[in-house]
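> With the input below, show me the fold.
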Amino acid sequence: MENSVRLNRTSRAAAALGALLLATACGSSNTAATSPGGSDFTPPKLTAQKTLGKTEGQVNLIAWAGYAEDGSNDPKVDWVTDFEKQTGCQVNTKTAGTSDEMVSLMKTGQYDAVSASGDAALRLIASGDAGPVNTELVPNYKDVFAGLKDQQWNSVKGVSYGIPHGRGANLLMYNTKKVSPAPDSWSAVFDKSSAYKGKVTAYDSPIYIADAALYLMKTEPSLGIKDPYALDQKQFDAAVDLLKEQNANVGEYWSDYLKEVSAFKSGDSVVGTSWQVILNTAQAEKVPVKAVLPKEGATGWSDTWMISAKAKHPNCAYNWMNWIISPKVNAQVAEYFGEAPSNAKACTLTADKNHCTTYHAADESYWKDVHFWTTPIAQCVDGRTDTKCVPYTKWVQAWTEIKG
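Residues are numbered from 1 along each chain as shown. Model (predicted):
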């Protein structure tokens, strides 16, 4: 995977959580329907396309860098040209750097499909900018891992609103020569009396508050946290207080993955939040590191291809969604981008035959402990109706205070 794509993954991951409230699109408490994740809202009544027609000659996409490569960045990396030849659909891609940008672009009605992260996906569903998808028109959907189907970020009440693309988890990475015994808990970064004071690293984003909430969910059950993205004021304050305590031990907050690799290489950082692709890069540079999914679980991401409710080229869009998750192409994208593919058959086609094992693509028990990024909104997504939760705007404000 090229550095440019890895860097974009860093910027897009941080920005993917810069979400706006769903309030303007939410249904009232009297008419709301409960989604799989407990978020109560009623999407506009839209129907999925029933049959495929003649392709329209082009398709306009909004995508994260690395998701629709056409050979212009690297002649060896191209899964667009063959699609164009086989379908007659010219691919026009707008690369977006944030979820907010994706949402804004989709509202224009000029684009047919988007590779949305969980927070953008829910907003697009609630606003009616993305419509339901007929998975029967996407033959390769049958081979998508079961753990990615009918999830809270891509469906509502059993109605699918997208085609899963891939997923990844946030891990605990540590220097094997400096950190002993090998950690199996996030206490390695949240213990205020940490033996690694000044050498702890943390992800630089307000959504990192969810990591603290996840830790408290497991270690302080009296707080009653059920979902790290659904925090009432008391729960939120507890997570913020924990992060303020952690701040004394943090040597660096990272958002550029290359800087994290450098920090572990120099010894400035010895333990902290990381990604599988960062671990792979550090190990390739002979840095003595390992990573683990801690016993408390972890946060993570999952992306979904969604079709615009105003798509002018819906048949090409459906063809694209089927193509991008086809075994060979999904394998190429997953390796290039650094994630687990969504299509189970992709695992036999990766250049690195250990790719799916490394990224736990088929290990559904692994993903059960991963809480995928979801936008914090005032309406508690854990199903509570007797209280309000702290919205993301407040998370942003708190993050500034936490870093001091």
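
> Break down the chain into its strands, ranges please.
Along the chain, counting by DSSP state E, strands occupy 58-63, 90-95, 113-117, 155-156, 159-160, 163-175, 200-203, 250-254, 271-275, 289-292, 298-307, 340-341, 370-372.

> Direction included, what does the fifth one pair against?
According to DSSP bridges, strand 159-160 has the following sheet partners: strand 155-156 (antiparallel).

> For the nearest residue to residue 194 once chain neighbours are set aside, give me its contacts.
Closest residue to residue 194 apart from its sequence neighbours, by Cβ to Cβ, 6 or more residues apart in numbering: residue 249 at 4.8 Å. Quick note: C-beta positions are derived from backbone N, CA and C, even for glycine. Residues near residue 249 by Cβ atoms under 8 Å, 6 or more residues apart in numbering: 189, 192, 194, 196-198, 200.

> which of the residues you listed lies closest to residue 48?
Checking these against residue 48 with Cβ to Cβ, the nearest one is residue 189 at 43.7 Å.

> Please tell me I have it right and that closest one contacts residue 200.
Yes - if you go by Cβ atoms under 8 Å, residue 189 and residue 200 touch, sitting 5.2 Å apart.

> overlap in contacts of the two?
Common neighbours of residue 189 and residue 200 (Cβ under 8 Å, 6+ apart) are 246, 249, 271-272.

> from these, which would you call buried?
Neighbour counting by 16 or more other Cβ atoms under 10 Å classes 246, 249, 271-272 among these as buried.

> Please tabulate these in CSV, including the columns distance to residue 65.
Formatted as CSV, these follow (distance: Cβ to Cβ, whole Å):
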residue, distance to residue 65
246, 31
249, 33
271, 30
272, 25
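
> Put together JSON lines for these, with pLDDT and distance to residue 404 on each row.
Shown next, in JSON lines, are those (pLDDT from 0 to 100; distance: Cβ to Cβ, whole Å):
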{"residue": "246", "pLDDT": "97", "distance to residue 404": "11"}
{"residue": "249", "pLDDT": "96", "distance to residue 404": "13"}
{"residue": "271", "pLDDT": "98", "distance to residue 404": "21"}
{"residue": "272", "pLDDT": "97", "distance to residue 404": "18"}
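
> so which pair among these is furthest apart in space?
Distances among those were taken as Cβ to Cβ; the most separated pair is 246 and 271, at 11.8 Å.

> intersection of neighbour lists for these two?
189, 200.

> Let's have the strands of the chain in TSV, adding distance to residue 362.
Output for the strands of the chain, formatted as TSV (distance: least, Cβ to Cβ, whole Å):
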stretch	distance to residue 362
strand 58-63	25
strand 90-95	29
strand 113-117	22
strand 155-156	21
strand 159-160	21
strand 163-175	12
strand 200-203	26
strand 250-254	30
strand 271-275	19
strand 289-292	19
strand 298-307	15
strand 340-341	8
strand 370-372	14
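
> Quick one: closest of these to residue 351.
Across the strands of the chain, the minimum distance to residue 351, taken as Cβ to Cβ, is reached by strand 340-341, at 12.5 Å.

> Given that closest one, what are its sheet partners and their directions?
strand 163-175 (antiparallel).

> buried ones in stretch 85-96?
Within stretch 85-96, the residues that qualify as buried are 87, 89, 91, 93, 96, counting by 16+ other Cβ under 10 Å.

> From residue 271, how far off is residue 191?
Per Cβ to Cβ, to the nearest Å, residue 191 is found 11 Å from residue 271.

> for residue 354, that is, sorry about that
Distance of residue 354 to residue 271, computed by Cβ to Cβ: 25 Å.

> where in the protein is pLDDT low?
By pLDDT under 70, the weakly predicted segments of the chain are 1-41.

> Residue 49 touches residue 134, doesn't it?
Yes - assessed by Cβ under 8 Å, residue 49 is found in contact with residue 134 at 5.5 Å.

> where's residue 202 relative to residue 211, distance?
Going from residue 202 to residue 211 by Cβ to Cβ gives 8 Å.

> Tell me who's in contact with residue 215.
The contact partners of residue 215, taken as Cβ under 8 Å, 6+ apart, are 186-187, 190, 242, 296.

> For burial, what's the neighbour tally of the closest residue to residue 138 other than its chain neighbours?
Spatial nearest neighbour of residue 138, chain neighbours left out: residue 322 (4.7 Å); criterion: Cβ to Cβ, 6+ apart. Counted with other Cβ atoms under 10 Å, residues neighbouring residue 322 total 20.

> I'd like to know which of the strands of the chain lies nearest to residue 45.
Evaluated with Cβ to Cβ, the strands of the chain place strand 159-160 nearest to residue 45, the distance being 10.6 Å.

> that older thread, out of the strands of the chain, the one nearest residue 393 is which?
Closest approach to residue 393 among these (Cβ to Cβ): strand 113-117, 18.2 Å.

> Let me know the outermost residue of this protein.
Relative to the C-alpha centroid of the chain, counting by Cα atoms, centre = their mean, residue 54 is the outermost residue, at 33.1 Å.

> With adjacent residues omitted, what lies nearest to that one?
The spatially closest residue to residue 54, leaving aside those adjacent along the chain, is residue 315, at 6.5 Å (Cβ to Cβ, 6+ apart).

> how about the one you found, what does it touch?
52-56.

> so can I have CSV of those residues showing distance to residue 374?
Shown next, in CSV, are the contacts of residue 315 (distance: Cβ to Cβ, whole Å):
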residue, distance to residue 374
52, 32
53, 35
54, 38
55, 35
56, 34
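
> okay, now residue 266: neighbour count?
Residue 266: 9 neighbours (other Cβ under 10 Å).

> how far away is it from residue 150?
Note on residue 266: its distance to residue 150, by Cβ to Cβ, is 45 Å.

> For ChimeraX, what selects the buried ones among the contacts of residue 215?
Here is the ChimeraX selection string for the buried members of the contacts of residue 215, based on 16+ other Cβ under 10 Å:
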select :186,190,242,296
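
> nearest to residue 167, of the contacts of residue 215?
Among these, and counting by Cβ to Cβ, the member closest to residue 167 is residue 296, at 18.8 Å.
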